[in-house]
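Asker: Here is my input; please provide its structure:
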Amino acid sequence: MIFTLPVGETRSEMVTLRTLGGIPLVVVAHPLARGAISLLGAQLLAWQPAGEDSVLWLSDENTWTPGVAIRGGIPICWPWFGDWREPMHGFARTMPWDLTRCTETSENVVLTFELRSSPESLALWPHAFTLIARFTIGRTCSVELEARGYHLSVGALHTYLRVGGPGRVSITGLGDEYTDELRDDAPGRQDGPLALTEGEAIDRRYTRPTPVNQVWDRGLDRTIEARHDHHSDVVVWNPGSRVNGRLPHLGERAHQEFVCVETARLTRPMTATPHHPARLSVTLRVVR
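Answerer: From the prediction side, this is the model:
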């Protein structure tokens with residue numbers, strides 16, 4: 001749907017601006033991959049390497065309304081994570097960002113977005129900041145978050161991976177220790193890959209992950225690699241069948257279509273100082 005929207009403005013041979021509902025989008029069409037990023041939340045909505053199926057899941061139930069969080073893609077959760085305060089997962093994903101730079105090569109397109117503190121953000125979180133999100137769209141796809149200022153924060157790159165059914169998915173590299181959000185943060189241990197169970201909810205924070213996770217998807221017959229940098233945790237989430245229809249913009253069968261593997265800084269907060277910005281990043285690739 002996104003790639004067939006009418007072009008509103010052509011920024012370059014490979015980059016156009018389009019609108020979906022009330023949301024402006026930046027669309028990339030490179031010979032090696034195509035992608036789309038929303039100016040609402042600087043959220044990567046789509047990445048599809050040439051010759052491959054879409055890697056990211058995006059909900060059909062989104063309303064595309066300014067100020068309303070978009071379900072799917074890679075939301076930027078910052079400067080807090082979870083529902084302990086409003087808005088859930090922080091304000092970065094529901095505020096408008098600015099596209100500040102675009103560079104193109106034969107290998108990829110790199111887009112840079114910026115969000116600065118404002119009266120609206122200061123009313124929610126009393127810190128001056130500049131937040132930079134940098135996206136590289138090519139055969140691999142990377143999202144880099146950089147927080148500047150003088151503050152402590154937590155955050156996550158909340159990646160929704162499109163899968164052929166969670167019951168046919170295994171994830172390697174998560175480590176052997178986690179806390180279970182569904183059991184009041186009870187500690188748990190795991191040996192080997194995580195095998196998901198169809199219809200069963202999962203919400204775990206892995207606190208000793210390796211830098212690389214591989215998501216083995218027997219349903220779509222592919223493996224997605226997620227390489228994390230500057231992280232302390234990896235969160236694995238799927239709402240399962242019992243809560244579907246009760247979460248915003250999540251259809252009744254949506255749990256069968258995705259699993260979230262999230263690059264996070266939760267147990268070790270992001271510390272930004274004027275000369276040392278805090279960073280968090282993930283790089284995705286299809287390895288089959």
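Asker: so where is the stretch 151-288 of the chain shaky, pLDDT-wise?
Answerer: 243-246 (pLDDT under 70).
Asker: Show me the strands in it, by range?
Answerer: Assigned by DSSP state E, counting those that start in this stretch, the stretch 151-288 of the chain shows strands spanning 151-157, 160-162, 169-172, 177-180, 186-189, 194-195, 202-206, 212-217, 222-229, 233-238, 258-272, 278-286.
Asker: Quick one, which of those strands gets closest to residue 102.
Answerer: strand 278-286 (18.9 Å; C-beta to C-beta). Every C-beta, even on glycine, is put in place using the N, C-alpha and C of the backbone.
Asker: what ranges do the strands span in the stretch 1-150 of the chain?
Answerer: Under DSSP E, counting those that start in this stretch, the stretch 1-150 of the chain gives strands at 9-10, 15-20, 23-30, 33-38, 43-49, 76-77, 98-104, 108-116, 129-138, 141-149.
Asker: The last one pairs with which strands, and in what direction?
Answerer: Sheet neighbours of strand 141-149, with direction, are listed as strand 129-138 (antiparallel), strand 278-286 (antiparallel) (DSSP bridges).
Asker: which of these sits most buried?
Answerer: Of all those, strand 129-138 carries the top mean neighbour count, a mean of 22, counting by mean count of other C-beta atoms under 10 Å.
Asker: Which residues does that one contact?
Answerer: Identification of contacts with strand 129-138 by C-beta atoms under 8 Å, 6 or more residues apart in numbering yields 28, 30, 32-35, 37, 42, 44, 47, 49, 76, 78-79, 92, 97, 107-117, 121, 141-149, 151, 272.
Asker: if we go to 6 Å?
Answerer: 28, 32-33, 35, 37, 42, 107-117, 142-149 (C-beta atoms under 6 Å, 6 or more residues apart in numbering).
Asker: Residue nearest the middle of the protein, spatially speaking?
Answerer: residue 74 (2.0 Å; C-alpha atoms, centre = their mean).
Asker: Quick one: the strands of the stretch 1-150 of the chain as CSV, columns for mean pLDDT too.
Answerer: CSV is the format used below for the strands of the stretch 1-150 of the chain (pLDDT from 0 to 100):
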stretch, mean pLDDT
strand 9-10, 97
strand 15-20, 98
strand 23-30, 98
strand 33-38, 98
strand 43-49, 98
strand 76-77, 98
strand 98-104, 97
strand 108-116, 98
strand 129-138, 98
strand 141-149, 98
